[in-house]
Structure formats: structure tokens, C-alpha cells
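K.L.:
Give me a model of this one.
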Amino acid sequence: MQSLYVARSLALGTIATAATLATVMLSLSLVSTSAQAATVGQPAPAFQVKDSLGKTVSLADFKGKHVVLEWTNPACPFVVKHYGSQNMQGLQKEYTAKNVVWLSINSTARSHPEYLEPAALNAKYKDWGGASSAMLMDDAGTVGKSYGARTTPHMYVIDPGGKLVYAGGIDDKRSANPADIKDAKNFVRAALGESLAGKPVSTPSAAPYGCSVKYAS
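P.N.:
Alright, predicted model coming up:
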């Protein structure tokens, strides 16, 4: 009887130790992921990557201008929500007309079924009437991971001094329903409007929503 009690105690101790180790590993993983993410109020991570036309694009090319980064994937219903309604294109046209640089970024891994070759990706966004300054091909996921981009869309606004002034969702309606756009508070429009006017951004971050970025494993 005593030996059975000891065996059970040892088993429970092993389970507890394993659970504790799993919790520690999860915490370390979360800390590691958080440490990689760009921080609002700090300089935006530098990058250099080719666009869908084969041209090398560097964030440093746009020093002195506002820059929007938009993580995208045309297979995502949340992206379809904002492009099918012309909401994203409307923002792109409105602010590129004000000398804002708008960079759409596709971090879908080449090995993923949703990956599109540059020509096919260009054709898709052309059909939608996309009006970004460039479509960046980040299939290695380097840029996305340096910013901590988690969803499509995931939005970032960088000021002319290179500081990140907004990071998060495009708006406060976390759905894939285009009907929700009309009543949504658009955080990107608000951030750009305030920053262009020389004011601090009143909502510098918000929870992103959408499909997960399909990074290479």
C-alpha cells in the first residue's frame, strides 16, 4: 500500500513538473515574440526587401515622409472585407494624395497554399483597384516578424522622423462583414490625420484582427 502511495506521488510530481516546465516554456516563447515586435514611440525597424516588380525597397528611402505598412493576403476574408468594399483603396488614395507612402506587405510563405507569385498578386490587387505605393514580397517573413505583424490586415503608421506612431487593427469592428465599416472608428485614418497635423496620436495602438499571417514555419 505504501509503495503504491509513493508511486502515485512520484507520478503526480512528474506531471506537476512537466506542467510547470510547459508554462515556463510558453512564457519564454511569449517574451521572445514580444521582444521582436516593433514598439510604438520607438524607431520603426529598418528593412530592405524586393517589391512585386522586382525592385528593392528600403524603409530608409522614405525618410521625411509618413509611411503606412499594411500586412495583406488576398485569400483572407478580412482583407476581402476591406478591399471588396473599397475601404482600403479609399484610404490608400486619400493619403498617397497627401504624400504618404503606403506599402502593402505580403508575408505569406512560398510553401503555403495561399501564396501567390508576384504577377498573380499584382493582378489580384489591380482587379480590386488597389492604390498602394508598392506591394512588398516578404515571403521569408523577415519584415513581418521584425514588426510583430500577426494578422491580415495589421496596420502600422510611421512618422517622418522614422518613429512608429500607430500599430494595430485598421478599425474597431472586429468582423469580416463589410456592413460594419460604416460605423467603425478607423484608427489608421485618425492616426494619419493627427500626425499629419503635427499632433500626437490619441490612439497609438489597438488590437489587430483578421487572419493569421502565414509565416514559414
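K.L.:
now the end-to-end length of stretch 46-59.
P.N.:
Across stretch 46-59, the terminal residues are separated by 6 Å (CA to CA, to the nearest Å).
K.L.:
for stretch 111-124, that is, sorry about that
P.N.:
Start-to-end span of stretch 111-124 (CA to CA) is 19 Å.
K.L.:
ditto for stretch 166-177
P.N.:
Across its full length, stretch 166-177 reaches 24 Å between end residues, using CA to CA.
K.L.:
What's the mean pLDDT across it?
P.N.:
Throughout stretch 166-177, pLDDT has a mean value of 97.
K.L.:
what does stretch 113-124 give?
P.N.:
Confidence over stretch 113-124, taken as the mean pLDDT, stands at 98.
K.L.:
What lies in contact with it?
P.N.:
Taking contacts as CB atoms under 8 Å, 6 or more residues apart in numbering, the residues outside stretch 113-124 that touch it are 52-54, 73-75, 106, 108-109, 135, 137, 139, 214. C-beta coordinates here come from the backbone N, C-alpha and C atoms, glycine included.
K.L.:
Give the ChimeraX command for selecting the buried subset of these.
P.N.:
Here is the ChimeraX command that selects the buried residues among the contacts of stretch 113-124 (16 or more other CB atoms under 10 Å):
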select :52,73,74,75,106,108,109,135,137,139,214
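K.L.:
Narrow the contacts of stretch 113-124 to those in strands?
P.N.:
106, 135, 137 (DSSP state E).
K.L.:
And the pLDDT at the second one?
P.N.:
Put plainly, it is Met135. Per-residue confidence (pLDDT) for Met135: 98.
K.L.:
Roughly how far does the nearest residue to it once chain neighbours are set aside sit from Glu194?
P.N.:
For Met135, the nearest residue in space outside its immediate sequence neighbours is Ser52; the separation is 4.2 Å by CB to CB, 6 or more residues apart in numbering. From Ser52 over to Glu194 the distance is 31 Å, taken as CB to CB, to the nearest Å.
K.L.:
could you pull out the helices for the chain?
P.N.:
In order along the chain, the chain carries the following helices (DSSP state H): 2-36, 77-84, 87-96, 118-128, 142-147, 187-196.
K.L.:
Break the chain down into its domains, please.
P.N.:
Structurally, the chain divides into domains by automatic domain parsing as follows: 1-36, 48-212.
K.L.:
thinking again about what came up before, return the closest of the ones in strands among the contacts of stretch 113-124 with respect to Met155.
P.N.:
Nearest to Met155 out of these is Asn106 (CB to CB; 14.4 Å).
K.L.:
Quick check, the closest one in contact with Met137.
P.N.:
Yes. Between Asn106 and Met137 there is a contact under CB atoms under 8 Å: 6.2 Å.
K.L.:
Could you name every residue contacting both of those two?
P.N.:
Counting by CB under 8 Å, 6+ apart, the common neighbours of Asn106 and Met137 are 52, 121.
K.L.:
Contacts only, for Pro45.
P.N.:
With contacts defined as CB under 8 Å, 6+ apart, the neighbours of Pro45 are 38, 59, 143, 146-147.
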